[in-house]
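*Asks:* below are the sequence and a predicted model; questions follow.
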Amino acid sequence: MTELSSTTDSNADRKELLKFNGVGKWYGNFCALWDINLTVHKGERVVVCGPSGSGKSTMIRCVNLLESYEAGEILIDGSPIKNDPKSMQVIRRRVGMVFQNFNLFPHVTVLQNLMLGPIRNLKVSKKEAEETAMHYLEKVRIAEQAKKYPSQLSGGQQQRVAIARSLCMHPEAMLFDEPTSALDPEMISGVLDIMVELAEGGMTMMVVTHEMGFAKQVADTMVFMDHGEIVEVAPPAEFFTKPKSDRTELFLSQILQH
Amino acid sequence: MNTNSSNSAGDNKIRPKGPNLLFTRKSPLIDIAQLLILGGVTAWVIYKGAQAMQYNWQWYRVDQFFYRIVDGELIWGALMKGLMVTFQITAVSMVLSVLIGLITALLRMSNSFSGKLIANVYLEAIRNTPLLVQLFLFYFIVAPIVGIDRFWTGVLCLSFFEGSFAAEIIRAGIQSVHRGQNEAAKALGFSRFNSYRDVILPQAVPIILPPMTGLVINLIKHSAIVSVIAVADLTTEGLNIISDTFMAFEIWFTVAGIYLVVTVSLSLFVSWLESRAMRGR
Ligand SMILES: Nc1ncnc2c1ncn2[C@@H]1O[C@H](COP(=O)(O)OP(=O)(O)OP(=O)(O)O)[C@@H](O)[C@H]1O
Ligand SMILES: [Mg+2]
């Protein structure tokens, strides 16, 4: 277990925010996750990579219980995350998520997309929700589109709205599941820029991505997964130059060719 | 064989499709002519048949069953009163059907074992027994126990019958909303109830509405069955008039015509609404 916990020196004095303790998940007889042990400290940026089907999405979706798991536990701030409806709602308010396909609500405007969650789930006033929404829309440089419907925006703009929507809940940590893989190449950098700013602002992040440039730029910790297991956890400098595992090396050689 | 079989499968994609000869029309006149011939032949067959039976047509006596004017005052005839009852039954049953359908759909999609069981037993029971038998069950068993009159017996029976179709329509509508929508709502901390209210149902309703209007039309037609338990709807009034006047042909044609006018105008109205909604986008 110790060899898998993150190795960045600066983490020593940081608080542990999320901690996976031997998490395992099965789809019927198929084991999608096996003995996942990982610690994410407050303010840490963890980038998760690995081949398709290796369980990256499944792992981060276990944090906010979009997937259930059968073995182990995940701790937030030292206390285990429970799976009764009330605790599930609470954890989802504390940990935001950005999806590959944005999943904006198509039947309401961009602004309402951002206001709905805080009004319903943080019980803030309409006025306050709107102020927060406009604040974050400005942060993702899209404030002038507030009155439009999601379908009127480009993919990149939609994903930025989705990030802003998540931020409006004032999450303590953010999960990203391949936030740029559904985007046209020219849209990717706009979204990555926002994520870099978010990282610089000290947000705790777990990011599943194939964007190795982004990973090198912001990651404190790289995680490589294969066949439902965490194969390697290392700081990026080490991870990209001298990976410990052959599987990591093979994966990196394949992905960095492109 | 033909030339296609010698080509590789990939080549077929590039081939332009030929015109579909069966549904190609040069002129709508052909359609109109066909309709006229069909109508003429039908009328002629009915006329000849009635003549062979030496049927005595008395169309001039029919209008009094729509309305009469006595001393300058308008008095609705039996057929119009019956139609009003048909409308009442349809309207109340529609509301109840949607409620029953919504509850059943939610139960079926819930995680609760007993909820699913109740919903499935209800759906199977309704779908696999004749409506007429269901009506008798309600009339002879449910009604005396619960203590409801004939009108409400008919309404309840129709609501449970049509509710089973509403359940399927609503379930299909809800399931057509992308799974990611529910996940996004969950990830923002929405409760199940709020995610239905704010995210899923608002997207499902536009999908549910068109087939629901088909359900209303079915309800209007199926409501004729309450004549069996002597609720004074359009069909019952028709039956009563015939037993008084022996004008079976005229009255049945009239009753069918009224149902037809109501249902066709309803569907025209709905398609007008839909086309207007489409243009609004
Ligand atoms: N609902 C499901 N039922 C059965 N198997 C599933 C289900 N969801 C995922 N899996 C399997 O679990 C494994 C892990 O899936 P996951 O989506 O986490 O992979 P991933 O690493 O995110 O891959 P990708 O890069 O393609 O997104 C895959 O082999 C997948 O086939
Ligand atoms: Mg994935």
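*Replies:* Great, that's in hand. Ligands and ions are numbered 1, 2, ... in the order given.
*Asks:* mind listing residues that contact the host helix or strand of A:M115?
*Replies:* Taking DSSP states H and E as the definition, A:M115 sits inside helix A:110-121. Helix A:110-121 is contacted by residues A:89, A:93, A:104-105, A:108, A:124-126, A:128-130, A:132-134, A:136-137, A:142, A:145-150, A:153, A:161, A:164-165, A:168-169, B:188-190, B:194, B:198-199 when judged by Cβ atoms under 8 Å, 6 or more residues apart in numbering or on different chains. C-betas here are computed from N, CA, C, even on glycine.
*Asks:* pick out the residue of the stretch 51-200 of chain B closest to ligand 1.
*Replies:* Across the stretch 51-200 of chain B, the shortest distance to ligand 1 (Cβ to the nearest ligand atom) belongs to B:R179, at 10.4 Å.
*Asks:* now for the closest residue to chain B within the stretch 151-258 of chain A, how many residues are close by?
*Replies:* Sorted by distance to chain B under Cβ to the nearest Cβ, the residues of the stretch 151-258 of chain A start with A:M169, at 6.2 Å. Each residue near A:M169 was counted by other Cβ atoms under 10 Å in any protein chain shown, and the total is 21.
*Asks:* just A:S54 next, same as before
*Replies:* Summarising burial for A:S54: neighbours were counted as other Cβ under 10 Å, giving 24.
*Asks:* got the residues of the stretch 51-200 of chain B near chain A?
*Replies:* Residues of the stretch 51-200 of chain B found near chain A (Cβ under 8 Å from any Cβ of the partner chain) are B:178, B:180-181, B:183-192, B:194, B:198-199.
*Asks:* let's go with 7 Å and repeat that
*Replies:* Residues of the stretch 51-200 of chain B that fall close to chain A, judged by Cβ under 7 Å from any Cβ of the partner chain: B:180-181, B:183-184, B:186-191, B:194, B:198-199.
*Asks:* mind putting those residues in CSV, neighbour count and secondary structure included?
*Replies:* What follows is those, written out as CSV (neighbours: other Cβ atoms under 10 Å in any protein chain shown; DSSP: H, G, I helix; E, B strand; the rest coil):
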residue, neighbour count, secondary structure
B:G180, 15, helix
B:Q181, 19, helix
B:E183, 18, helix
B:A184, 27, helix
B:K186, 20, helix
B:A187, 27, helix
B:L188, 29, coil
B:G189, 25, coil
B:F190, 24, coil
B:S191, 16, coil
B:N194, 18, helix
B:D198, 20, helix
B:V199, 24, helix
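*Asks:* picking up where we left off before, write the PyMOL selection for whichever of the contacts of helix A:110-121 are buried.
*Replies:* Those of the contacts of helix A:110-121 that meet the burial criterion (16 or more other Cβ atoms under 10 Å in any protein chain shown) are gathered into one PyMOL selection, given here:
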select buried, (chain A and resi 89+93+104+105+108+124+129+130+132+133+134+136+137+142+145+146+149+150+153+161+164+165+168+169) or (chain B and resi 188+189+190+194+198+199)
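*Asks:* so the residue of the stretch 151-258 of chain A closest to chain B: helix, strand or coil?
*Replies:* Reducing the assignment at A:M169 to three states with DSSP: H, G, I helix; E, B strand; the rest coil gives coil.
*Asks:* quick one: contacts for it?
*Replies:* Residues touching A:M169, when contacts are defined by Cβ atoms under 7 Å, 6 or more residues apart in numbering or on different chains, comprise A:93, A:96, A:117-118, A:122, B:188-189.
*Asks:* what about the residue nearest to the spatial centre of chain B, distance to B:L158?
*Replies:* For chain B, the residue whose C-alpha lies nearest the mean C-alpha position (Cα atoms, centre = their mean) is B:N218; its distance is 1.9 Å. B:N218 is 10 Å from B:L158, where distance means Cβ to Cβ, to the nearest Å.
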